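In: Pasting a predicted model and its sequence here:
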Amino acid sequence: MSFLYKSDPARGAVWARHFAERAPEVPFHIWPDVGDPAQVRYLAVWTMPAGLVETLPNLEVLFCVGAGIDQLDLSKVPDSIPVVRMVEPGLVAGMVEYATLAVLALHRDWPAYAAQQRERKWQALRVARAQERRVGVMGLGVMGQAVLEKLHGFGFPCAGWSRAARRLDGIECHAGEDALPAFLGRTDILVNLLPLTAETRGILSRGLFEALPRGAAVVNVGRGGHVVAGDLIAALDAGHLSAAILDVTDPEPLPPEHPFWIHPRIVVTPHIASETQPETSASVVIDNIRRHQRGAPLVGLVDRQRGY
Ligand code: GLV
(Lines give C-alpha, C1' and ligand atoms only; values in the text may rest on other atoms or scores of the structure.)
Protein backbone atom coordinates (compact mmCIF):
# COMPACT_ATOMS: atom_id res chain seq x y z
CA MET A 1 0.00 0.00 0.00
CA SER A 2 1.38 3.47 -0.84
CA PHE A 3 0.48 7.15 -1.16
CA LEU A 4 1.34 9.13 -4.30
CA TYR A 5 1.55 12.94 -4.08
CA LYS A 6 1.59 15.16 -7.17
CA SER A 7 1.52 18.84 -6.29
CA ASP A 8 3.75 21.53 -4.79
CA PRO A 9 7.00 19.69 -3.85
CA ALA A 10 7.72 21.82 -0.75
CA ARG A 11 4.38 20.83 0.72
CA GLY A 12 5.05 17.26 -0.38
CA ALA A 13 8.26 17.19 1.66
CA VAL A 14 6.33 18.22 4.80
CA TRP A 15 3.65 15.59 4.13
CA ALA A 16 6.39 12.97 3.63
CA ARG A 17 7.78 13.78 7.09
CA HIS A 18 4.31 13.56 8.70
CA PHE A 19 3.63 10.24 6.98
CA ALA A 20 7.02 8.85 8.08
CA GLU A 21 6.27 9.81 11.68
CA ARG A 22 2.57 9.09 11.94
CA ALA A 23 1.69 6.62 9.20
CA PRO A 24 4.94 4.72 8.56
CA GLU A 25 2.97 1.77 7.19
CA VAL A 26 1.97 3.93 4.17
CA PRO A 27 5.09 4.54 1.99
CA PHE A 28 4.93 8.09 0.59
CA HIS A 29 6.01 8.88 -2.97
CA ILE A 30 6.35 12.28 -4.59
CA TRP A 31 5.59 12.43 -8.31
CA PRO A 32 7.25 11.56 -10.70
CA ASP A 33 8.58 8.83 -8.36
CA VAL A 34 5.49 6.61 -8.45
CA GLY A 35 7.06 3.52 -6.93
CA ASP A 36 5.14 0.36 -7.82
CA PRO A 37 1.92 1.64 -9.47
CA ALA A 38 0.03 -1.43 -8.27
CA GLN A 39 0.78 -0.41 -4.67
CA VAL A 40 -0.75 3.07 -4.94
CA ARG A 41 -3.97 3.16 -2.90
CA TYR A 42 -4.07 6.91 -2.27
CA LEU A 43 -3.37 9.71 -4.72
CA ALA A 44 -3.24 13.47 -3.93
CA VAL A 45 -3.22 16.03 -6.75
CA TRP A 46 -4.13 19.60 -7.68
CA THR A 47 -4.45 18.73 -11.37
CA MET A 48 -4.16 15.29 -12.82
CA PRO A 49 -1.63 14.34 -15.51
CA ALA A 50 -3.49 12.72 -18.41
CA GLY A 51 -3.46 8.95 -18.20
CA LEU A 52 -2.24 8.75 -14.60
CA VAL A 53 -5.31 7.16 -13.02
CA GLU A 54 -5.41 4.42 -15.65
CA THR A 55 -1.94 3.29 -14.50
CA LEU A 56 -3.04 2.85 -10.88
CA PRO A 57 -5.20 -0.31 -10.83
CA ASN A 58 -5.63 -0.41 -7.04
CA LEU A 59 -6.38 3.24 -6.35
CA GLU A 60 -8.86 3.58 -3.47
CA VAL A 61 -9.11 7.32 -2.72
CA LEU A 62 -8.36 10.46 -4.74
CA PHE A 63 -7.49 13.49 -2.61
CA CYS A 64 -7.49 17.00 -4.02
CA VAL A 65 -4.95 19.27 -2.31
CA GLY A 66 -7.31 22.23 -2.78
CA ALA A 67 -10.77 23.13 -1.54
CA GLY A 68 -12.20 23.28 -5.06
CA ILE A 69 -12.16 20.33 -7.46
CA ASP A 70 -13.40 21.96 -10.69
CA GLN A 71 -9.84 21.96 -12.11
CA LEU A 72 -9.74 18.13 -11.93
CA ASP A 73 -10.80 16.05 -14.88
CA LEU A 74 -12.68 13.24 -13.17
CA SER A 75 -13.92 11.65 -16.39
CA LYS A 76 -11.31 8.87 -16.12
CA VAL A 77 -11.79 8.34 -12.38
CA PRO A 78 -14.17 5.44 -11.77
CA ASP A 79 -17.29 6.34 -9.75
CA SER A 80 -16.29 3.74 -7.18
CA ILE A 81 -13.28 5.85 -6.12
CA PRO A 82 -14.16 8.49 -3.53
CA VAL A 83 -12.90 11.98 -4.34
CA VAL A 84 -12.03 14.11 -1.31
CA ARG A 85 -11.50 17.87 -1.35
CA MET A 86 -9.39 19.70 1.18
CA VAL A 87 -11.13 20.84 4.33
CA GLU A 88 -8.34 21.94 6.65
CA PRO A 89 -7.96 24.72 9.22
CA GLY A 90 -4.96 26.43 7.56
CA LEU A 91 -6.85 26.94 4.31
CA VAL A 92 -9.88 28.26 6.16
CA ALA A 93 -7.78 30.68 8.26
CA GLY A 94 -6.12 32.13 5.15
CA MET A 95 -9.48 32.66 3.48
CA VAL A 96 -10.87 34.38 6.57
CA GLU A 97 -7.86 36.75 6.50
CA TYR A 98 -8.22 37.59 2.81
CA ALA A 99 -12.00 38.03 2.87
CA THR A 100 -11.73 40.23 5.96
CA LEU A 101 -8.97 42.27 4.33
CA ALA A 102 -11.06 42.74 1.18
CA VAL A 103 -14.29 43.60 2.98
CA LEU A 104 -12.56 46.06 5.32
CA ALA A 105 -10.70 47.63 2.37
CA LEU A 106 -14.00 48.17 0.57
CA HIS A 107 -15.81 49.30 3.72
CA ARG A 108 -13.08 51.85 4.46
CA ASP A 109 -12.84 53.08 0.83
CA TRP A 110 -9.29 51.85 0.30
CA PRO A 111 -9.58 51.72 -3.54
CA ALA A 112 -10.77 55.36 -3.56
CA TYR A 113 -7.87 56.47 -1.33
CA ALA A 114 -5.39 54.60 -3.54
CA ALA A 115 -6.75 56.56 -6.52
CA GLN A 116 -6.60 59.82 -4.56
CA GLN A 117 -2.99 59.18 -3.64
CA ARG A 118 -2.09 58.80 -7.31
CA GLU A 119 -3.58 62.28 -7.79
CA ARG A 120 -1.92 63.68 -4.63
CA LYS A 121 -5.38 64.49 -3.39
CA TRP A 122 -5.90 64.89 0.37
CA GLN A 123 -9.59 64.41 0.90
CA ALA A 124 -11.47 62.60 3.63
CA LEU A 125 -14.52 60.59 2.70
CA ARG A 126 -17.29 59.98 5.20
CA VAL A 127 -16.51 57.07 7.48
CA ALA A 128 -19.50 54.72 7.49
CA ARG A 129 -20.23 52.57 10.54
CA ALA A 130 -19.97 48.82 10.12
CA GLN A 131 -23.63 48.62 11.10
CA GLU A 132 -24.52 50.50 7.92
CA ARG A 133 -22.61 48.16 5.59
CA ARG A 134 -24.44 44.97 4.72
CA VAL A 135 -22.18 42.07 3.85
CA GLY A 136 -23.38 39.00 1.97
CA VAL A 137 -21.49 35.76 1.38
CA MET A 138 -22.46 33.32 -1.37
CA GLY A 139 -21.46 29.77 -0.51
CA LEU A 140 -21.90 28.59 3.05
CA GLY A 141 -19.41 25.75 3.30
CA VAL A 142 -16.75 25.64 5.97
CA MET A 143 -14.99 28.71 4.52
CA GLY A 144 -18.12 30.79 3.96
CA GLN A 145 -19.29 30.13 7.50
CA ALA A 146 -15.90 31.05 9.01
CA VAL A 147 -15.76 34.27 6.96
CA LEU A 148 -19.26 35.26 8.08
CA GLU A 149 -18.48 34.56 11.71
CA LYS A 150 -15.45 36.86 11.60
CA LEU A 151 -17.23 39.65 9.70
CA HIS A 152 -20.23 39.46 12.02
CA GLY A 153 -17.78 40.26 14.84
CA PHE A 154 -17.05 43.67 13.27
CA GLY A 155 -20.72 44.58 13.46
CA PHE A 156 -21.57 44.26 9.75
CA PRO A 157 -25.14 43.07 9.17
CA CYS A 158 -24.33 39.70 7.64
CA ALA A 159 -26.27 37.38 5.35
CA GLY A 160 -25.43 34.20 3.53
CA TRP A 161 -26.80 32.50 0.44
CA SER A 162 -26.44 28.84 -0.48
CA ARG A 163 -28.07 26.20 -2.62
CA ALA A 164 -29.39 24.22 0.32
CA ALA A 165 -30.88 25.84 3.44
CA ARG A 166 -28.53 26.52 6.39
CA ARG A 167 -28.94 27.97 9.84
CA LEU A 168 -26.12 30.07 11.27
CA ASP A 169 -26.19 32.04 14.51
CA GLY A 170 -26.64 35.75 13.96
CA ILE A 171 -26.59 35.41 10.16
CA GLU A 172 -29.59 35.92 7.90
CA CYS A 173 -29.54 32.78 5.73
CA HIS A 174 -31.09 32.63 2.26
CA ALA A 175 -31.31 29.48 0.16
CA GLY A 176 -32.06 28.65 -3.45
CA GLU A 177 -32.53 30.63 -6.62
CA ASP A 178 -35.84 32.15 -5.52
CA ALA A 179 -34.17 33.72 -2.50
CA LEU A 180 -31.32 35.25 -4.49
CA PRO A 181 -32.93 38.63 -5.32
CA ALA A 182 -33.79 39.35 -1.66
CA PHE A 183 -30.26 38.39 -0.59
CA LEU A 184 -28.66 40.57 -3.26
CA GLY A 185 -30.98 43.51 -2.64
CA ARG A 186 -29.69 43.81 0.94
CA THR A 187 -25.99 43.30 0.12
CA ASP A 188 -23.53 46.22 -0.11
CA ILE A 189 -20.41 44.04 -0.19
CA LEU A 190 -20.79 40.66 -1.87
CA VAL A 191 -18.23 37.91 -1.27
CA ASN A 192 -18.35 34.91 -3.62
CA LEU A 193 -17.18 31.62 -2.12
CA LEU A 194 -19.28 29.25 -4.19
CA PRO A 195 -17.83 26.12 -5.75
CA LEU A 196 -17.61 26.28 -9.55
CA THR A 197 -20.18 23.89 -11.03
CA ALA A 198 -22.32 23.81 -14.17
CA GLU A 199 -24.96 25.67 -12.13
CA THR A 200 -22.73 28.41 -10.75
CA ARG A 201 -20.58 29.13 -13.83
CA GLY A 202 -21.15 32.73 -14.87
CA ILE A 203 -23.38 33.47 -11.87
CA LEU A 204 -21.66 36.84 -11.32
CA SER A 205 -23.25 38.40 -14.37
CA ARG A 206 -25.34 41.37 -15.37
CA GLY A 207 -28.61 40.23 -13.79
CA LEU A 208 -26.93 39.54 -10.46
CA PHE A 209 -25.04 42.86 -10.48
CA GLU A 210 -28.25 44.73 -11.26
CA ALA A 211 -29.94 43.10 -8.27
CA LEU A 212 -27.29 44.57 -5.94
CA PRO A 213 -27.89 48.08 -4.61
CA ARG A 214 -26.20 50.92 -6.49
CA GLY A 215 -22.64 51.42 -5.20
CA ALA A 216 -22.22 47.80 -4.10
CA ALA A 217 -18.83 46.08 -4.34
CA VAL A 218 -17.86 42.52 -5.17
CA VAL A 219 -15.13 40.23 -3.85
CA ASN A 220 -14.46 37.06 -5.85
CA VAL A 221 -12.54 34.38 -4.01
CA GLY A 222 -14.40 31.50 -5.67
CA ARG A 223 -13.27 30.83 -9.23
CA GLY A 224 -12.71 33.07 -12.21
CA GLY A 225 -15.38 31.11 -14.11
CA HIS A 226 -18.05 32.54 -11.81
CA VAL A 227 -17.62 35.99 -13.39
CA VAL A 228 -18.79 37.22 -16.77
CA ALA A 229 -15.91 39.65 -17.29
CA GLY A 230 -17.67 42.00 -19.73
CA ASP A 231 -20.69 42.29 -17.43
CA LEU A 232 -18.50 43.15 -14.45
CA ILE A 233 -16.67 45.87 -16.37
CA ALA A 234 -19.95 47.27 -17.69
CA ALA A 235 -21.44 47.40 -14.18
CA LEU A 236 -18.33 49.20 -12.85
CA ASP A 237 -18.20 51.62 -15.79
CA ALA A 238 -21.88 52.44 -15.37
CA GLY A 239 -21.20 53.28 -11.72
CA HIS A 240 -23.65 50.64 -10.55
CA LEU A 241 -20.82 48.76 -8.84
CA SER A 242 -18.17 50.78 -6.99
CA ALA A 243 -15.29 48.28 -6.94
CA ALA A 244 -14.29 44.67 -7.35
CA ILE A 245 -11.53 42.68 -5.67
CA LEU A 246 -10.69 39.57 -7.66
CA ASP A 247 -8.35 36.87 -6.44
CA VAL A 248 -9.35 34.45 -9.18
CA THR A 249 -9.70 34.98 -12.92
CA ASP A 250 -10.44 33.05 -16.06
CA PRO A 251 -7.93 32.24 -17.40
CA GLU A 252 -5.14 32.11 -14.85
CA PRO A 253 -2.63 33.65 -15.10
CA LEU A 254 -4.59 36.67 -16.28
CA PRO A 255 -3.15 37.61 -19.71
CA PRO A 256 -1.30 40.98 -19.84
CA GLU A 257 -3.84 42.47 -22.27
CA HIS A 258 -6.86 41.64 -20.08
CA PRO A 259 -8.88 44.76 -19.14
CA PHE A 260 -9.08 43.73 -15.46
CA TRP A 261 -5.39 44.67 -15.01
CA ILE A 262 -5.84 48.33 -15.74
CA HIS A 263 -9.39 48.97 -14.61
CA PRO A 264 -9.26 51.76 -12.02
CA ARG A 265 -11.83 50.07 -9.81
CA ILE A 266 -10.59 46.52 -9.94
CA VAL A 267 -7.95 45.07 -7.64
CA VAL A 268 -6.44 41.80 -8.87
CA THR A 269 -4.40 39.36 -6.80
CA PRO A 270 -2.92 36.17 -8.30
CA HIS A 271 -5.02 33.43 -6.65
CA ILE A 272 -3.32 33.80 -3.28
CA ALA A 273 -6.33 34.35 -1.01
CA SER A 274 -5.57 31.14 0.76
CA GLU A 275 -3.50 28.05 0.30
CA THR A 276 -3.43 24.59 1.76
CA GLN A 277 -0.99 24.70 4.66
CA PRO A 278 1.49 21.79 4.71
CA GLU A 279 1.35 20.94 8.41
CA THR A 280 -2.38 21.21 9.08
CA SER A 281 -3.36 19.52 5.82
CA ALA A 282 -1.02 16.56 6.41
CA SER A 283 -2.90 15.80 9.63
CA VAL A 284 -6.25 16.01 7.86
CA VAL A 285 -5.15 13.61 5.10
CA ILE A 286 -3.67 11.07 7.52
CA ASP A 287 -6.85 11.27 9.58
CA ASN A 288 -8.93 10.66 6.43
CA ILE A 289 -6.82 7.60 5.55
CA ARG A 290 -7.52 6.21 9.02
CA ARG A 291 -11.21 6.90 8.50
CA HIS A 292 -11.16 5.15 5.14
CA GLN A 293 -9.41 2.14 6.67
CA ARG A 294 -12.05 1.75 9.36
CA GLY A 295 -14.95 2.48 7.01
CA ALA A 296 -15.85 5.84 8.60
CA PRO A 297 -17.16 8.79 6.52
CA LEU A 298 -14.41 10.85 4.85
CA VAL A 299 -14.13 14.54 5.69
CA GLY A 300 -14.56 16.58 2.50
CA LEU A 301 -16.06 13.76 0.43
CA VAL A 302 -17.19 15.16 -2.93
CA ASP A 303 -20.67 14.45 -4.24
CA ARG A 304 -19.79 13.92 -7.88
CA GLN A 305 -23.36 14.50 -9.08
CA ARG A 306 -23.49 17.84 -7.25
CA GLY A 307 -19.97 18.76 -8.39
CA TYR A 308 -18.40 19.72 -5.03
C1 GLV B 1 -7.80 26.99 -4.21
O2 GLV B 1 -8.32 27.71 -5.00
C3 GLV B 1 -8.43 25.82 -3.68
O4 GLV B 1 -9.41 25.35 -4.25
O5 GLV B 1 -7.94 25.33 -2.64
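Out: Structure received. Residues are numbered from 1 along each chain as shown.
In: Surely Asp70 touches Gly225?
Out: Yes. Using C-beta atoms under 8 Å, Asp70 is in contact with Gly225, at 7.3 Å. Where C-beta positions appear, they are placed from N, C-alpha and C, glycine not excepted.
In: near the ligand, which residues of the stretch 51-200 of the chain show up?
Out: Neighbours of the ligand within the stretch 51-200 of the chain, by C-beta under 6 Å from any ligand atom: Gly66, Ala67, Gly68, Met86.
In: and those, which two are the farthest apart?
Out: Gly68 and Met86 (8.9 Å; C-beta to C-beta).
In: Comparing those two, which residue is more hemmed in?
Out: Higher neighbour count among Gly68 and Met86: Met86, with 25 against 19, using other C-beta atoms under 10 Å.
In: how about the more buried one, what does it touch?
Out: Listed by C-beta atoms under 8 Å, 6 or more residues apart in numbering, the contact partners of Met86 are Phe63, Cys64, Val65, Gly66, Ala67, Thr276, Ser281, Val284, Gly300.
In: change it to 6 Å
Out: Going by C-beta atoms under 6 Å, 6 or more residues apart in numbering, Met86 touches Val65, Gly66, Ala67, Thr276.
In: could you pull out the strands for this structure?
Out: Using DSSP state E, the strands found in the chain span residues 2-6, 28-30, 40-45, 61-64, 83-84, 135-138, 158-162, 172-175, 189-192, 216-220, 241-246, 266-268.
In: just checking, what packs against the second one?
Out: Contacting strand 28-30 under the criterion 3 or more C-beta pairs under 6 Å, 6 or more residues apart in numbering; DSSP states H and E are the following elements: strand 2-6, helix 9-22.
In: Name the stretch among these that sits most buried.
Out: Most buried of the helices and strands packed on strand 28-30, by mean neighbour count (mean count of other C-beta atoms under 10 Å): strand 2-6, with a mean of 22.
In: list residues touching both of Asp70 and Gly225?
Out: In contact with both Asp70 and Gly225: Leu196, using C-beta under 6 Å, 6+ apart.
In: Tell me which of the helices and strands packed on strand 28-30 lies nearest to Ile171.
Out: Smallest distance to Ile171 across the helices and strands packed on strand 28-30 (C-beta to C-beta): 32.7 Å, for helix 9-22.
In: For the ligand, what's its nearest residue on this protein.
Out: Using C-beta to the nearest ligand atom, the closest approach of the chain to the ligand is made by Gly66 at 2.8 Å.
In: For the nearest residue to Ala13 once chain neighbours are set aside, list each beta-bridge partner.
Out: Spatially, and ignoring its direct neighbours in sequence, Ala13 is nearest to Ile30 (7.6 Å; C-beta to C-beta, 6 or more residues apart in numbering). Ile30 forms beta bridges with Tyr5, as assigned by DSSP bridges.
In: burial of Ile30, as a residue count?
Out: Neighbours of Ile30 (other C-beta under 10 Å): 17.
In: Quick check, it in contact with Gly12.
Out: Yes. Under the criterion of C-beta atoms under 6 Å, Ile30 makes contact with Gly12 at 4.4 Å.
In: on that earlier part again, which among the contacts of Met86 end up buried?
Out: Val65, Gly66, Ala67, Thr276 (16 or more other C-beta atoms under 10 Å).
In: of all those residues, which comes closest to Pro78?
Out: Val65 (20.6 Å).
In: Neighbours of Asp33, how many?
Out: Residues contacting Asp33 under the criterion other C-beta under 10 Å number 9.
In: and it, how far is that from Ala44?
Out: Here Asp33 is placed at a distance of 14 Å from Ala44 (C-beta to C-beta, to the nearest Å).
In: One more: Met143?
Out: Distance, Met143 to Ala44, by C-beta to C-beta: 20 Å.
In: do the same with Pro78
Out: In terms of C-beta to C-beta, Pro78 sits 17 Å off from Ala44.
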